[in-house]
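Visitor: Return atomic coordinates for the entry below.
(2 chains)
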Amino acid sequence: MVCADHGAYLLNLTLKEVAQDGEKLAQVIQYCHELYRYDMVLVFSDPYVEAQAMGCPVELEPYPTLLGPAARHSYDRTPEIIHAAKILKMKLDVPVFVSVKGPFTLASFLAGIENYLKIILKRENEASRFMETAMQYQLQYLERLLSLGVNIMIGDPLASSSVISPQMFLKYAFKALQTLVDKTKTHGALVAIHICGDVRPISEYLDKLGADILSIEDIELRTETLKMGGVGTSTILNGDPNRIKSEVDTALENKNVILSTTCDVPPHTPPENIKTMLRIASEYGNIER
Amino acid sequence: MFDSIKQAVIEMDDEKTKESVSIALKEKVDPVEILEKGLIAGMQEVADLFARKEYYVPEVLLCSEAFYAGFDKIKQLIKGSSRKPGAKIVFGVVEGDIHDIGKNIVKVMLEAAGYEVIDLGRDVPVLEFVKAVEREKPDILAISSLMTTTMTHMGEIILELEKRNMRNAVKVIIGGAPVNEEFAASVKADGYSPDGPSAVKLIEKIVSG
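Guide: Numbering: from 1, shown residues only, chains lettered A, B, ... in the order given. The predicted structure is shown next:
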């Protein structure tokens, strides 16, 4: 469950405080874990950690927001992420995942998203150079994370078929994801891939990557890989028990599913809603609370 | 003639679009016809290709560029012409959210469908939406959000319209990755659409009553 924003809200911290301070990030993630007792935690504050470390301007208030393509000044929050990961690894007895950006999404941030989506069609060499830069950074970052003994979740939302064609996915995103997945697995860590939006046209390629988990919106999609998700972000925010039940039921009818929200829990979500989701899920009997 | 303009838009070729529009203008073709039978016809085909998942966001962005490249050549000539837009739509991305690619794609498809779009841009505060409704008196207010942290502003805008007794004067529709039909109902919006082509259909439905 992606809960840092929500945890910050519950503990009366700003998203900025959490995004730039590893200790606070660990604190909100630990707080949510103790409140809801789910089975794995994800160290994630916002999608722009690597992009900002590489020079993209990012505004952290009121929510972390990417302001533009890479310029000169960088602000490196990766030590804070690593600090949070270390604390959680030490304190919690569940798997700790750390979020890294997929190289395609990171390349888009570096080049400016709209610009990048255009140059992948018109200026392939330039597009590949951005991919290369993103890839090199991620390989080093991954190395630092894997040495902590944590697991990895690669988020690559811009590689979804809601944005680019399966052809472009294959041409730019696939190989880079494969490299990161393989590297994580050789270290014996678990690797999850998170792509929001439509992944139906690329599901075959996602299976080929051989990741341990696919975190996707369409929980009914047939995949060989274990899926994670099931309850929509607006469902959890609204909290209608019937709606939550129907989404939990649909997810858990499937055998190879880890129940979760499909993306970040919106900050102002009433905790009761999450408890409702967990209570309904526990009625399936195989979860000890 | 119109076909070459249309094709240039579909082929994402801004240079060829400008060229074809220039040729048409030299041959004294009515700019309104250039717009409707060339540029808009092209963009409508692009919307269809997008709906059929033959085109994706990058292709639509380049087609939009070609569309606007051609449109820039004729827009001064069209002002004050007999062209009457369909419904008027005020459109913006909520405060705290700077993701406007989706909004821009929906906008070009709405314009291609003949609607007048007043674009408030991105990172638009709640009260700016309300003031724009007051000022422009649109048929439709369209609100976009791409983040779980900002989606709640949509409900705030609608509440503010209610508070000022303006809610019945305008239909409100929403879109964006984290929202859906249920969320639209929960914030009392009049509709939700996941993308440009379906936004066009939704507005057609609302406007035709």
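Visitor: for chain B, what are the nearby residues on the stretch 151-289 of chain A?
Guide: A:161-165, A:168, A:196-197, A:201, A:232-235, A:237-238, A:240, A:243, A:263-268 (Cβ under 8 Å from any Cβ of the partner chain). C-beta: built from backbone N, CA, C; applies to glycine.
Visitor: Tell me which of these fall in helices.
Guide: Taking DSSP state H as the definition of helices, these contribute A:168, A:233-235, A:237-238, A:243.
Visitor: Taking those, please make a ChimeraX selection of just the buried ones.
Guide: Here is the ChimeraX command that selects only those of these that count as buried (16 or more other Cβ atoms under 10 Å in any protein chain shown):
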select /A:168,233,234,235,237,238,243
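Visitor: Going by distance to A:Ile152, which of the ones in helices among the residues of the stretch 151-289 of chain A next to chain B wins?
Guide: For those, the closest approach to A:Ile152 (Cβ to Cβ) belongs to A:Thr233, at 22.5 Å.
Visitor: pretty sure that closest one is touching A:Val265, no?
Guide: Yes. At 7.2 Å, A:Thr233 and A:Val265 qualify as touching, with contact defined as Cβ atoms under 8 Å.
Visitor: For whichever residue of chain B sits closest to chain A, identify the helix or strand it belongs to.
Guide: Chain A sits closest to B:Phe183 of chain B, with a gap of 3.6 Å, by Cβ to the nearest Cβ. According to DSSP states H and E, B:Phe183 maps onto helix B:181-186.
Visitor: Provide a list of residue ranges in the chain with pLDDT below threshold.
Guide: This is for chain A. Flagging of chain A using pLDDT under 70 yields the residue ranges A:285-289.
Visitor: nope, chain B
Guide: Scanning chain B with the threshold set as pLDDT under 70 gives B:79-85.
Visitor: ok, which residues in it are in contact with chain A?
Guide: Chain B comes close to chain A at residues B:12, B:53, B:55-59, B:61-62, B:65, B:96-98, B:101, B:147-152, B:177-180, B:182-183, B:186, as judged by Cβ under 8 Å from any Cβ.
Visitor: which among the residues you listed end up buried?
Guide: Using 16+ other Cβ under 10 Å, the buried ones in these are B:12, B:55-59, B:61-62, B:65, B:96-98, B:101, B:147-152, B:177-180, B:182-183, B:186.
Visitor: Sort out for me which of these are in strands.
Guide: Per DSSP state E, strands hold no members of these.
Visitor: Report the buried residues of the longest strand seen in chain B.
Guide: The residue-count maximum for a strand in chain B (DSSP E) belongs to strand B:116-124. The neighbour-count criterion (16+ other Cβ under 10 Å) identifies B:116-120, B:122-124 as the buried residues of strand B:116-124.
Visitor: Now the two most distant members of those residues.
Guide: The span of those, defined through Cβ to Cβ, is set by B:Glu116 and B:Asp123 at 22.7 Å.
Visitor: my guess is B:Val172 meets B:Pro138, correct?
Guide: No. With contact defined as Cβ under 8 Å, B:Val172 does not reach B:Pro138; the gap is 10.2 Å.
Visitor: Just to check, B:Lys18 is in contact with B:Phe71?
Guide: No. Judged on Cβ under 8 Å, B:Lys18 makes no contact with B:Phe71 at a distance of 10.1 Å.
Visitor: Spatially nearest residue to the residue of chain A found nearest chain B (excluding sequence neighbours)?
Guide: In chain A, the residue that lies nearest chain B is A:Ser234 (3.6 Å; Cβ to the nearest Cβ). Nearest non-adjacent residue to A:Ser234, counting by Cβ to Cβ, 6 or more residues apart in numbering or on different chains: B:Phe183, 3.6 Å away.
Visitor: Next up, the contacts around the one you found.
Guide: A:234, A:237-238, B:151, B:154, B:174, B:192 (Cβ atoms under 8 Å, 6 or more residues apart in numbering or on different chains).
Visitor: do that again at 10 Å, thanks
Guide: B:Phe183 makes contact with A:232-235, A:237-238, B:145, B:151-152, B:154-155, B:174, B:176, B:189, B:192, according to Cβ atoms under 10 Å, 6 or more residues apart in numbering or on different chains.
Visitor: okay, which residue is most central for chain B?
Guide: Residue closest to the average C-alpha location in chain B (Cα atoms, centre = their mean): B:Lys107, at 1.8 Å.
Visitor: mind exporting the host helix or strand of that one as PDB, just the C-alpha atoms?
Guide: B:Lys107 belongs to helix B:101-112 when assigned by DSSP H and E. The C-alpha coordinates for helix B:101-112 follow below in PDB (Å, rounded to 0.1, in the frame of the first residue of the first chain):
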ATOM      1  CA  ILE B 101      -0.900  17.200 -21.600                       C
ATOM      2  CA  GLY B 102      -4.200  15.300 -21.200                       C
ATOM      3  CA  LYS B 103      -6.200  18.600 -21.000                       C
ATOM      4  CA  ASN B 104      -4.500  19.900 -24.100                       C
ATOM      5  CA  ILE B 105      -5.300  16.800 -26.100                       C
ATOM      6  CA  VAL B 106      -8.900  16.900 -25.000                       C
ATOM      7  CA  LYS B 107      -9.000  20.600 -25.800                       C
ATOM      8  CA  VAL B 108      -7.800  20.100 -29.400                       C
ATOM      9  CA  MET B 109     -10.400  17.300 -29.900                       C
ATOM     10  CA  LEU B 110     -13.200  19.500 -28.500                       C
ATOM     11  CA  GLU B 111     -12.100  22.400 -30.800                       C
ATOM     12  CA  ALA B 112     -12.000  20.000 -33.700                       C
END
